[in-house]
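[1] make a model of this:
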Amino acid sequence: MKGGKSKAETRSSKLSVNKKPTKGGRGKGAKDPDKPKRPASAFFVFMEEFREQFKKDHPKNKSVAAVGKAAGNKWKSMSEAEKAPYVAKAEKRKQEYEKNMKAYNTKQADATKEEEESDKSVSEVNDEDDGDEGSEEEEDDE
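    Now for the predicted structure:
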């Protein structure tokens, strides 16, 4: 095999993953584990109860898709009066979430202010260092 690639080289190149940069050249930021989770919609509140009932009625059926499809059909056939308790529970969860988010945002704002104060002192020190380096470069160029 003159000049050809060995099998090991071709395999490794096929297995490698080419990571493409995301839009704007930036990746997603890390998720904050302290941030409150968004509340479930009325349908998902309904699904919590429906899953339990469906498992009791169909113990051999392990398909997630079947449960979802059956729940969707049942939800569509329900009247507004039947959906009302689930809508009320979802609304209650939403209000609790909004209260938690306000507290979270206040906490984040306080943390940001503290970071800005500490960053100011660091940048002032760096500015003084940058001024000395610039004059040395000018002397070297001459």
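
[2] in this structure, which spans are helices?
    7-15, 42-57, 64-77, 80-141 (DSSP state H).

[3] which stretches of this structure have low pLDDT?
    1-27, 118-142 (pLDDT under 70).

[4] hmm, try it at 90
    Filtered on pLDDT under 90, the chain yields the residue ranges 1-34, 61-62, 108-142.

[5] surely residue 42 meets residue 93?
    No. Judged on C-beta atoms under 8 Å, residue 42 makes no contact with residue 93 at a distance of 9.7 Å. Backbone N, C-alpha and C define where each C-beta goes, glycine included.

[6] please report how far the nearest residue to residue 54 once chain neighbours are set aside lies from residue 50.
    Closest residue in space to residue 54, ignoring its immediate chain neighbours: residue 67 at 5.3 Å, by C-beta to C-beta, 6 or more residues apart in numbering. Counting by C-beta to C-beta, to the nearest Å, the gap from residue 67 to residue 50 is 8 Å.

[7] okay, these two: which has more neighbours?
    residue 50 (20 against 17; other C-beta atoms under 10 Å).

[8] picking that back up, and the residue nearest to residue 54, what does it touch?
    50, 51, 54, 61 (C-beta atoms under 8 Å, 6 or more residues apart in numbering).

[9] again, only this time at 10 Å
    Listed by C-beta atoms under 10 Å, 6 or more residues apart in numbering, the contact set of residue 67 reads 47, 50, 51, 54, 55, 58, 61.

[10] same question for residue 44.
    Neighbours of residue 44 in contact, by C-beta under 10 Å, 6+ apart: 50, 71, 86, 90, 93.

[11] quick check: the farthest pair among these?
    Greatest spatial distance among those (C-beta to C-beta): 71 and 93, at 18.4 Å.

[12] now residue 41: how far from residue 60?
    Going from residue 41 to residue 60 by C-beta to C-beta gives 29 Å.

[13] and residue 92, how many neighbours?
    Neighbour count of residue 92, defined by other C-beta under 10 Å: 12.

[14] cool, residue 94 as well?
    Residues lying near residue 94 (other C-beta under 10 Å) number 15.

[15] doesn't residue 38 make contact with it?
    Yes. At 8.8 Å, residue 94 counts as touching residue 38 under the criterion of C-beta atoms under 10 Å.
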